[in-house]
Structure formats: C-alpha cells, structure tokens
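Undergrad: using only what follows, build the 3D model:
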Amino acid sequence: MDELSDEDLRIAQDFFSLAMTKTIEADGLKSLLTRRQVADLINSSTRTVGRMESDGRLPAVHVGPRTPRYRASDVAALIKRGGGGS
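TA: The predicted structure follows:
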C-alpha cells in the first residue's frame, strides 16, 4: 500500500477530529463511531466497513443485535497501519 502524503494525512486527521465530535457513550465506553462515520473517515462504503469487521481487521462493539459501533482508537489504528478502504 502506498504511503499517505502529508496533505492526505492532514485531511484524514481533520476527518477523524470531526468524527470525534459526533461520538456516543454506551456502557462506559467512550468514543464509539457508527459504521457510516467510519466509512466516511476511511473514504469507503459501509459495506466495506462491515467486511473489515467480519474478517477481523476492525473490532466492533455491539450495542444491540444489529447495532455495531467502533472504537475511535481502533479506527485510528486501522488508518495508521494503512488498512483503510477503497
């Protein structure tokens, strides 16, 4: 995978900061993101995020039977290791 340019990294960090302002708290877990928020951060589809969850690249916290949420720290780690979508 190609390295991110400084500009791309700055844009990703800006998106990440924006997403952090829209987080929820559930059962004491902070900074949980929706599938849509993660998809927007990594410039991908919600379906790709679901596949990343299924294949173990992105752990999910299920706050309901069909309600996955993702820790911001796990999304940041995914981005850092170049595992983003598209």
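
Undergrad: run a quick neighbour tally on Gly82.
TA: Neighbourhood size, Gly82 [other Cβ atoms under 10 Å]: 10. In this view, the C-beta of every residue, glycine as well, is placed from N, C-alpha and C.

Undergrad: so where does it fall, helix or strand?
TA: Using DSSP states H and E, no element contains Gly82; it sits outside every helix and strand.

Undergrad: how close does it get to Ala72?
TA: Between Gly82 and Ala72 the computed distance is 18 Å (Cβ to Cβ, to the nearest Å).

Undergrad: can you check Arg10 too?
TA: Look at Arg10 and Ala72: by Cβ to Cβ, they are 18 Å apart.

Undergrad: who has more neighbours, the two?
TA: Using other Cβ under 10 Å, the more surrounded residue of Arg10 and Ala72 is Ala72, with 19 against 11.

Undergrad: correct me, but that one touches Gln37?
TA: No. Using Cβ atoms under 8 Å, Ala72 makes no contact with Gln37, being 9.2 Å away.

Undergrad: element containing the residue nearest to Ile79 when sequence neighbours are not counted, please.
TA: Nearest residue to Ile79 in three dimensions, chain neighbours excluded: Ala12, at 6.0 Å (Cβ to Cβ, 6 or more residues apart in numbering). Here Ala12 sits within helix 6-20, counting by DSSP H and E.

Undergrad: could you give the average pLDDT over that helix?
TA: For helix 6-20, mean pLDDT is 72.

Undergrad: what do you get for stretch 49-56?
TA: Mean per-residue pLDDT for stretch 49-56: 96.

Undergrad: any residues touching it, and which ones?
TA: The contact list for stretch 49-56 (Cβ atoms under 8 Å, 6 or more residues apart in numbering) reads 35, 38-39, 42, 58-60, 68, 70, 78, 83, 85.

Undergrad: show me what counts as buried in it.
TA: 49-50, 52-53 (16 or more other Cβ atoms under 10 Å).

Undergrad: what of stretch 64-72?
TA: Buried residues in stretch 64-72, counted by 16+ other Cβ under 10 Å: 68-72.

Undergrad: and it, end to end?
TA: Between the opening and closing residues of stretch 64-72 there is a gap of 18 Å (Cα to Cα, to the nearest Å).
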